[in-house]
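Engineer: quick check, what structure comes out for this input:
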Amino acid sequence: MKNVLVLCTGNSCRSQMADGYLTHFAKEKATIYSAGVETHGLNLQAVAIMKQDGIDISKNTSNNVSEYLTIDFDFIITVCDHAHENCPYIPSKNAKRIHQNFSDPSKVTGSEEQIFNAFKKTRTQIKAFCEEFVTTELS
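Structural biologist: Residues are numbered from 1 along each chain as shown. So this is what the prediction gives:
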């Protein structure tokens with residue numbers, strides 16, 4: 001079984017969505033961890049948009065990457081440029097590092113519809129990335 005870390009700035013939205021999809025698609029092939037270089041708490045709009053696609057992340061917690069320094073990761077996936085540029089050293093022997101920046105829907109302002117559409121767009125992109133990752137890296 002592989003260990004996969006998904007890393008974002010605050011571990012509240014994008015990394016949580018990726019955690020949900022990776023857990024769903026990988027099943028017994030990997031243990032998925034998500035963390036942030038900071039912790040901002042779980043974004044309730046991310047929880048809601050994931051629930052609409054049948055993925056429950058409501059029990060996830062917002063964790064700091066320092067909590068996982070003793071785990072030997074096979075993959076470290078950064079899902080935002082800030083985490084990619086500011087990630088502390090993670091002492092995993094042979095971790096393959098993958099970076100894919102996704103826009104932060106929690107930063108979108110405007111009408112409820114505009115915010116919803118931003119979350120949906122990011123969710124769709126993360127879902128496609130996670131499905132491809134599991135197919136190419138964990139099969």
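Engineer: tell me where this protein has strands.
Structural biologist: Taking DSSP state E, the strands of the chain run over residues 2-8, 30-36, 75-78, 96-99.
Engineer: any buried residues in stretch 14-30, and which?
Structural biologist: 14-26, 30 (16 or more other CB atoms under 10 Å). The C-beta positions use only the backbone N, C-alpha and C, and glycine is treated the same way.
Engineer: how about residue 96: what's its closest non-neighbour residue?
Structural biologist: Spatially, and ignoring its direct neighbours in sequence, residue 96 is nearest to residue 75 (5.2 Å; CB to CB, 6 or more residues apart in numbering).
Engineer: contacting residues around the one you found?
Structural biologist: Counting by CB atoms under 8 Å, 6 or more residues apart in numbering, residue 75 touches 2-5, 95-98, 133, 137.
Engineer: cool, residue 61 as well?
Structural biologist: By CB under 8 Å, 6+ apart, the contact set of residue 61 is residue 42.
Engineer: got the contacts of residue 75 as CSV, with neighbour count columns?
Structural biologist: CSV is the format used below for the contacts of residue 75 (neighbours: other CB atoms under 10 Å):
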residue, neighbour count
2, 14
3, 17
4, 29
5, 25
95, 18
96, 13
97, 15
98, 16
133, 22
137, 17
